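Novice: show me how the following folds:
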Amino acid sequence: MTGETLRIRVQNGDDLPSKRGRLRRYGPLVVWAVLIFIGSGNVLSAANTSVLLRVVHYLIPSASPESLGVFHLLIRKAGHLTEYAILAVLAARAFRTSSRDLLRRQWFWAALILVVLYALSDEFHQSFVPTRGASIYDSLIDSIGGLIGLTIVWWRRQRKTRQEILRTRTAKADVAA
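Specialist: All right, here's what the predicted structure looks like:
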């Protein structure tokens, strides 16, 4: 039996060829990881993102250089948080519907480990880029962003499960009445 004829049962009930299913699950995760890798080169260095400060200075001409510096730092750190929250959500999406039982059951921890390791490797990569610097604090911010993203996914799943339980109980009560 070839890989193309082998079918897997995905959690949402759809039968998909295994290769196409993997591409749908892992493709967005891989693309996002590549974008993070590209961004951690010179593309998103502080020198390039400081263009935002011109816009802020235009909108708020009275802003001091110190205020603009703090704003720039906050925007950059919010970027770290956000990009890794998205990475974590994409990892959770891929792992929750994986054909591997262990990944499906332990999706939260698998995604968190992936985010932490990728954050550390990203900072290691930045240590080789002349316009960037490696910082364990950035890895921590990245990991917190991933944890926030995973917590949101977990919370939404818990809420959905509770709603399904309530609907089932209501339907059973209606039948019994």
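Novice: now the helices for the chain?
Specialist: Under the criterion DSSP state H, the chain contains helices at 18-38, 46-49, 51-59, 65-96, 101-105, 107-126, 136-176.
Novice: please point out which parts of the first one sit buried.
Specialist: It stands for helix 18-38. By neighbour count on 16 or more other CB atoms under 10 Å, the buried set for helix 18-38 is 18, 21-22, 25-26, 28-29, 32-33, 36. In this view, the C-beta of every residue, glycine as well, is placed from N, C-alpha and C.
Novice: redo these as JSON lines? Include pLDDT.
Specialist: As requested, the buried residues of helix 18-38 are exported to JSON lines (pLDDT from 0 to 100):
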{"residue": "18", "pLDDT": "70"}
{"residue": "21", "pLDDT": "82"}
{"residue": "22", "pLDDT": "86"}
{"residue": "25", "pLDDT": "91"}
{"residue": "26", "pLDDT": "94"}
{"residue": "28", "pLDDT": "96"}
{"residue": "29", "pLDDT": "97"}
{"residue": "32", "pLDDT": "97"}
{"residue": "33", "pLDDT": "97"}
{"residue": "36", "pLDDT": "94"}
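Novice: which two of those residues lie the greatest distance from each other?
Specialist: Greatest spacing in the buried residues of helix 18-38, by CB to CB: 18 and 36 (27.0 Å).
Novice: any idea which of the helices of the chain scores lowest on pLDDT?
Specialist: Among those, helix 46-49 has the lowest mean pLDDT, at a mean of 62.
Novice: buried residues, stretch 141-155. List them.
Specialist: When burial is assessed from 16+ other CB under 10 Å, stretch 141-155 yields the following buried residues: 141-150, 153.
Novice: farthest pair in those residues?
Specialist: Spatially, the most separated pair among the buried residues of stretch 141-155 is 141 and 153, at 19.1 Å (CB to CB).
Novice: and residue 162, how close does it get to residue 89?
Specialist: Distance check for residue 162 against residue 89: by CB to CB, to the nearest Å, it reads 21 Å.
Novice: looking at these two, which is more packed in?
Specialist: When residue 162 and residue 89 are compared for neighbours, residue 89 comes out ahead with 20 against 10, by other CB atoms under 10 Å.
Novice: residues contacting the closest residue to that one other than its chain neighbours?
Specialist: Using CB to CB, 6 or more residues apart in numbering and skipping residues adjacent in sequence, the residue nearest residue 89 is residue 149, 4.6 Å away. Listed by CB atoms under 8 Å, 6 or more residues apart in numbering, the contact set of residue 149 reads 84-89, 92.
Novice: nearest to residue 166 among these?
Specialist: Taking the contacts of residue 149 together and measuring to residue 166 by CB to CB, the closest member is residue 92, at 24.1 Å.
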